[in-house]
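Asks: What follows is a predicted protein model with its sequence.
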Amino acid sequence: MSDLLAARAQMALSLGFHIIFAIVGIGMPVLMVIAERRFLRTGDPVFLDLTKRWAKGTAILFAVGAVSGTILSFELGLLWPGFMEFAGPIIGMPFSLEGFAFFTEAIFLGIYLYGWGRISPRAHWWSGVMVAVSGAASAVFVVIANAWMNTPRGFRIENGVAMDVDPLAAMMTPAAFPQVLHMMLAAYAATGFAVAGIHAYLILRGRTHPFHRHAVHIALMVGAPAALLQPISGDISARYVAKWQPAKLAAMEGQFRTERGAPLRLGGLPDEEAMTTRWAIEIPKALSLLAFHDPNATVAGLEEFPRENWPPVAVTHIAFQVMVALGTYLAAVSAWAVLMALRRRPIVANRALLRALAVATPFGFIATEAGWVVTEVGRQPWIIYEVARTADAVTPMPGLQFPFAIFTAMYIGLSVIVILLLRRQLAESPREEAAAA
Amino acid sequence: MSGDAGLLTLALAGVLLAALLAYVLLGGADYGGGVWDLFATGERKERQRALIADAIGPVWEANHVWLILVVVLLFTVFPPAFARLTTVLHLPLLLMLIGIVLRGTAFTFRTYDDRRSGAQRRWGLVFAIASVFTPIMLGICVGAIASGAAGESWGILARVQACAQAGDTGPECEGARQAATFGAVYVQSWLTPFALGIGVLALAMFAFLAGVYLAVESPDAALREDFRLRALVAAGATAAIAVLLPLASAGRVPIVGERLLGAWWSKPALFVTAAVAATAASALWRRRYRLARWASAGMVTLLLAGWAAAQFPLLVPPDLTIALAAAPQATQRLVAWVLGLGAFVLVPSMVYLFRVFKGRPPAFARMEARTTVRGRDHRG
Ligand code: HDD
Ligand code: HEM
Ligand code: HEM
């Protein structure tokens, strides 16, 4: 493994690890705030119990999110000092704003987790709202920074130095809105479906306590609308990619040749040598329709780009397929649940729906990881699209394989412990209906 | 971009220092708490640990964000400094990160894991050892910057890079390449006696701060006495290192010999610092805990300010000045706005946090009830 590869792997691993906890940090506060609101309204202690148990799980995950985020902040320099020296002044702004969002988030989370009984119920609820708002804000800002890497704006290069730096223009790039919207929905969909899935599974296993029924309802209130909107938001993303990063779009779709009325390829395996995508199900003209809203639009294939500027095609294509397949599944299950709710049928009495939910527990997270692989791998070989190459930005320090090995071990260890701790929490959750009385 | 730094640049450098100071005063004390968890002894051992956990629990994540702010400000406003330091200090920063991860997660895992003593003891041990280890690494990084060792290593690396870029293979470049060994660039940048000394100083200082804060927050006299003693020991250690380290390294580390001890302001500044330190110690001795808290924080502030004054106008000695490292004006202006707006949200929130958890001393009875269950169930 070369140093560059080790650096890329370490960055990808750290981000892929952090994003899971970040998603929970965005989504769980919303669920807790809804549950606690129900308690304040109804006085039903089940909702208080639910809020408190969710809070315990969130506390564990949040701590891991905070330390893994700290790793990332340093890693930007430890692995890509050249990139940061160039990009820092340009995209430091969203990171600085994010810093303040972290402050409010951490402050009110401390109050929320440890403040039961120390402050009024109302103040407590509002602290939860603050956590939810600042969690969303941190995600918005960091994704804005990432959007700049995809569609860099707000500077001019002269002799390798950035001139005329305009940090506000760097925040308002074409990628910013589509990416932020898509990421926020992803966070709510992933959290909602994970929580709904876990409690649906417990109901299927015979835990009849109303606790779990309420949990499924609240989780779906957040997850289902997000999952239903996600394909629309994904379409917005795809169209910005088609316009601004055509090579990425071609890789996502396994489109090697430039084509009028290009088909949409479902599945399949791109072969870079033969310049074809094999074994795909092709839907005629669908790609042109989706990407440009015109069935006869011309879609640029990878042949338009010099070979050294191709992203890894197979990885990008497969990751995109995974995301879209899971997104379709989540949207379908959401539609099912919404129909049930509209016809006033109890969702939790339908075992088929419960099973569909239980299966979907990890799907939102997997789709998010896959989506980030599309975005980041699809941007290669650029670290800043058409401005700077990843290979030129890596740290000169040799032996990067060792830090990579250390971090890998640490992430594996943390994952195992987190899973064990969460299982302990679940084992203690209420069981029978009778216990509610 | 050259010459003297503008007022705005200086102000931003000041904010950077202030953020680091906040991290030391608040986050440092959280590490210090972990140190006293490791050295919890006597019949009140478990109660000492419960008090430490209660004191850290609600605030450590907020306190920790100060470090993030330092990093973010550094790469936004002084990007070359960030790039140089993260390059040559890769190893100590890596070790520090491992410490940060273990400290934060072990503390949280202990709070939510099985209450039986086996699991609790294991997490407690990881938490405590990481709390000792991390401040040392942080101090080493500061010492490496202050002494110029990090900057020197960067110089060695930069010469090689300049040669490579120019395609120069002459004898001078050959020499530069041979000088740029892994050890010279990535190890000698921080593994020096002076930097290690600063590492130990940071540890002693954090333990001192934590001892004082914990004494203030103790719910009863016996526990308070425990932490008073601990704080006094740490105060002695801090003072000893703070006096001996400069004397021992004055000849070898230029920043100490010429700038810290040799400047016109050295003598008055040293005098004031010593006076404040003596106030802190004597207030502790006389059991005037609130005064001790203020004075100990003041002493740490003066130490950091002394370091900053000694290396001014250098950001990364021996050659990177604040002015040279500064980002474009447009960025600086916007960062200033962000800081202003951020403070508007941050300050009231911080005040509220500390009001809720540190304002009133915990009631005696509540403390008693908590300790019997190791202070867990009140978290709901
Ligand atoms: C719950 C998660 C989830 C789901 C169900 C979907 N996505 Fe997604 N997708 C993400 C989560 C995600 C993400 C959060 O991981 C990404 C990475 C970067 C970003 O902005 O969002 C992403 C990126 C991403 C991109 C690349 C944007 C870029 O490179 O900047 C496109 C074109 C799509 N998505 C399209 C879709 C479509 C057409 C979906 C149809 C169902 C879909 N996504 C479902
Ligand atoms: C799309 C990617 C990302 C999203 C959506 C995201 C979002 C979040 C959220 C919501 C949190 C707080 C919740 C928690 O701690 O669990 C968080 C924490 C954090 N993130 Fe990320 N993040 C992303 C990537 C990054 C990157 C690239 C960096 C660093 C450069 C970073 C740095 C941090 C830091 C330092 C924290 C800890 C704050 C604290 O101490 O409370 N994140 N992130
Ligand atoms: C949290 C969600 C994210 C995931 C899962 C993710 C994933 C990845 C992956 C897989 C790579 C390696 C690409 C390759 O080398 O083939 C990468 C690289 C990188 N990402 Fe992301 N990314 C995320 C968000 C972000 C954000 C928010 C930022 C910064 C603001 C960011 C900055 C970078 C940088 C600097 C690199 C290294 C340079 C490069 O390989 O292009 N990423 N990321």
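Replies: That came in fine, so what should we check first? Ligands and ions are numbered 1, 2, ... in the order given.
Asks: ok, residue 151 - contacts?
Replies: The chain I'm using is chain A. Each residue near residue A:151 by CB atoms under 8 Å, 6 or more residues apart in numbering or on different chains is listed here: A:173, A:174, A:175, A:176, A:240, A:244, A:245, A:385. In this view, the C-beta of every residue, glycine as well, is placed from N, C-alpha and C.
Asks: To clarify, I was referring to chain B.
Replies: When contacts are taken as CB under 8 Å, 6+ apart, residue B:151 is in contact with B:84, B:145, B:316, B:317, B:318, B:319, B:320.
Asks: After the helix or strand encompassing it, which helix or strand is next? Please name it.
Replies: Following DSSP states H and E, the helix or strand that holds residue B:151 is helix B:149-166. Where DSSP H and E defines the elements, the next helix or strand beyond helix B:149-166 is helix B:171-179.
Asks: Buried residues in that following helix, which are they?
Replies: Applying a neighbour-count criterion of 16 or more other CB atoms under 10 Å in any protein chain shown, one finds B:173, B:176 buried in helix B:171-179.
Asks: Which other helices and strands does that helix contact?
Replies: Packing contacts for helix B:171-179, counted by 3 or more CB pairs under 8 Å, 6 or more residues apart in numbering or on different chains; DSSP states H and E, involve helix B:149-166.
Asks: Distance from the helix it packs on to the middle of the chain?
Replies: Centre-to-centre, helix B:149-166 and its host chain are 28 Å apart (CA atoms, centre = their mean, to the nearest Å).
Asks: Buried residues, it. List them.
Replies: By neighbour count, and taking 16+ other CB under 10 Å as the criterion, the buried residues in helix B:149-166 are B:149-160, B:163.
Asks: re the thing from before, could you tell me the angle between the helix holding residue B:151 and helix B:171-179?
Replies: 130 degrees (axes from the mean of the first three to the mean of the last three CA atoms, to 10 degrees).
Asks: With just CA atoms, put helix B:149-166 into CSV.
Replies: Coordinates of each C-alpha in helix B:149-166 appear next as CSV, following Å, rounded to 0.1, in the frame of the first residue of the first chain:
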residue,chain,number,x,y,z
ALA,B,149,12.3,22.7,17.2
ALA,B,150,9.2,22.2,15.0
GLY,B,151,10.1,25.2,12.9
GLU,B,152,13.7,24.0,12.4
SER,B,153,12.5,20.6,11.2
TRP,B,154,10.2,22.3,8.8
GLY,B,155,13.1,24.2,7.5
ILE,B,156,15.0,21.0,6.8
LEU,B,157,12.0,19.6,4.9
ALA,B,158,11.3,22.8,3.0
ARG,B,159,14.9,23.0,1.7
VAL,B,160,14.5,19.5,0.2
GLN,B,161,11.2,20.4,-1.3
ALA,B,162,12.6,23.6,-2.8
CYS,B,163,15.4,21.6,-4.4
ALA,B,164,13.0,19.1,-5.8
GLN,B,165,10.8,21.8,-7.3
ALA,B,166,13.7,23.5,-8.9
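Asks: which parts of chain B sit against ligand 2?
Replies: Taking CB under 6 Å from any ligand atom as the criterion, the neighbours of ligand 2 within chain B are B:61, B:64, B:65, B:68.
Asks: let's see 8 Å
Replies: Taking CB under 8 Å from any ligand atom as the contact definition, chain B meets ligand 2 at B:61, B:62, B:64, B:65, B:68.
Asks: Show me which of these are buried.
Replies: Buried residues within the residues of chain B next to ligand 2, defined by neighbour count using 16+ other CB under 10 Å: B:61, B:62, B:64, B:65, B:68.
Asks: Where does the prediction get shaky in the stretch 51-200 of chain A?
Replies: Flagging of the stretch 51-200 of chain A using pLDDT under 70 yields an empty set of residue ranges.
Asks: Near ligand 1, which residues of it? Just list them.
Replies: A:143, A:146-147, A:150, A:175, A:178-180, A:182-183, A:185-187, A:189-190.
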